[in-house]
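K.L.:
Show me how the following folds:
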Amino acid sequence: MVPAMSTDDKWSAQRYNTNASFVYSPQYTSPTLNLLAPQPGERILDLGCGSGDLTIDSLLPAVLPGGGIVGLDSSSSLLFKARQNLSSSSSVSPSDKANLSWIKCDGHDLASLGKDGEFDAVFSNAALHWMKRDPQKVVDGAYGLLKSGGRFVGEMGGALNMVGVRSALHSILADDGVDASKVDPWFFPTPEVYRAILEKAGFRVESCDLIPRPTPLPTGLRGWLETFAFAFLDALPSPADREAVIDEVCRRLEVDMKHDVGDGGEGKWTVMYVRLRFKACKD
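P.N.:
Numbers count the residues shown, from 1 in each chain. Predicted coordinates for the structure are as follows:
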């Protein structure tokens, strides 16, 4: 039985898949998956699995036969879509679908799962930067879930990620009397900061690096803001105010982020993603 979607869930699976499919595209996820190097028979937790596209298409096939994946996310909307995606997948056999399960859980609450030492690996793609309240608690939880010899591999937003966009949101909201620092949901650490968090949890860090990644946006900056900037926009009193902020962010950033494509095209938006990619082991 699929649980009802929470009314306070700000995520929209439809917007996510339409405006941000690059998040789980092979073009951008292959390096982190190669660092993970999942093997048949392994049991892996996908921390922040979203709508499950990467979980179903890349992680599950890699651990078969004999392995299993648990996809975990805090969004009911995204997990509802993930279950739909698995049910309708023609590339996964009915018997293999039983090796993938879903859990609704905040990443800060991994210790509540009661699965200490169950997983060969914890994997996370484009999710850890949303777990800002207590990053140490998230990493401690991942450590506890791993077997001895297990690994924690992930990619998240790092220092300078979305440079320009974030500062524009802060500046424009300040003009409207809103302190954006109180609603900003993102944690974009330097490698030094995140390495220290991993080591404090007990991990041996094999790698922790920043990777600049200019990223074209399929529906422009407006689509990106509508999908990911809800914490900022929801601090405003009306839909009209939110639209005005989106318009102003796009106006200010067009000169740097929108580029001609030639042949009379309208131009394409590209933003500067800076990813922090890491591998850490539990000895």
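K.L.:
Pass me the low-pLDDT residue ranges in the stretch 151-283 of the chain, would you?
P.N.:
The stretch 151-283 of the chain contains residues with pLDDT under 70 at 261-266.
K.L.:
ok, which stretches of it are strands?
P.N.:
Ranges of strands within the stretch 151-283 of the chain are 204-216, 258-259, 268-281, based on DSSP state E, counting those that start in this stretch.
K.L.:
From the contact counts, what lies against the first one?
P.N.:
To tie it back to what came earlier, the one meant is strand 204-216. The contact analysis (3 or more Cβ pairs under 8 Å, 6 or more residues apart in numbering; DSSP states H and E) places strand 204-216 against helix 26-36, helix 191-201, strand 268-281. (Each C-beta comes from the backbone N, C-alpha and C, glycine too.)
K.L.:
Please list the residues outside stretch 188-202 that contact it.
P.N.:
Stretch 188-202 has contacts (Cβ atoms under 8 Å, 6 or more residues apart in numbering) with 129, 135-136, 139-140, 142-143, 152, 156-162, 205, 208-210, 274, 276, 278, 280, 282.
K.L.:
Please apply the same query to stretch 123-140.
P.N.:
23-24, 29, 32, 36, 38, 44-50, 54, 59, 73, 106-108, 110-111, 152-157, 161, 185-189, 194, 197-198, 200-201, 203.
K.L.:
Show me which residues of that stretch are buried.
P.N.:
Across stretch 123-140, burial judged by 16 or more other Cβ atoms under 10 Å covers 123-131, 135, 137-140.
K.L.:
same thing with stretch 21-40?
P.N.:
Within stretch 21-40, the residues that qualify as buried by neighbour count (16+ other Cβ under 10 Å) are Phe22, Val23, Tyr24, Tyr28, Thr29, Thr32, Leu33, Leu35, Leu36, Pro38.
K.L.:
ok, now stretch 167-176?
P.N.:
Applying 16+ other Cβ under 10 Å to stretch 167-176 flags Ala168, Leu169, His170, Ile172, Leu173 as buried.
K.L.:
residues near the spatially closest residue to the first one that is not a sequence neighbour, how many?
P.N.:
Pointing back at Ala168 there. Take Ala168 and drop its neighbours on the chain: the residue closest to it by Cβ to Cβ, 6 or more residues apart in numbering is Val249, 4.8 Å away. Neighbour count of Val249, defined by other Cβ atoms under 10 Å: 23.
K.L.:
And the one 3 residues further on, by the same measure?
P.N.:
Other residues near Arg252 number 16, with proximity taken as other Cβ under 10 Å.
K.L.:
who are the neighbours in contact with it?
P.N.:
Ala168, Ile172.
K.L.:
Next one: it from Pro239, what distance?
P.N.:
According to Cβ to Cβ, to the nearest Å, Arg252 stands 21 Å off from Pro239.
K.L.:
thinking again about what came up before, what would the buried residues of stretch 167-176 look like in a markdown table with distance to Phe230?
P.N.:
Shown next, in a markdown table, are these (distance: Cβ to Cβ, whole Å):
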| residue | distance to Phe230 |
| --- | --- |
| Ala168 | 16 |
| Leu169 | 11 |
| His170 | 15 |
| Ile172 | 15 |
| Leu173 | 13 |
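K.L.:
give me the beta-bridge partners of Lys268?
P.N.:
His259 (DSSP bridges).
K.L.:
That one and Pro216, how far apart?
P.N.:
6 Å.
K.L.:
go on, Lys258?
P.N.:
The value you get for Lys258 to Pro216, if Cβ to Cβ is used, is 11 Å.
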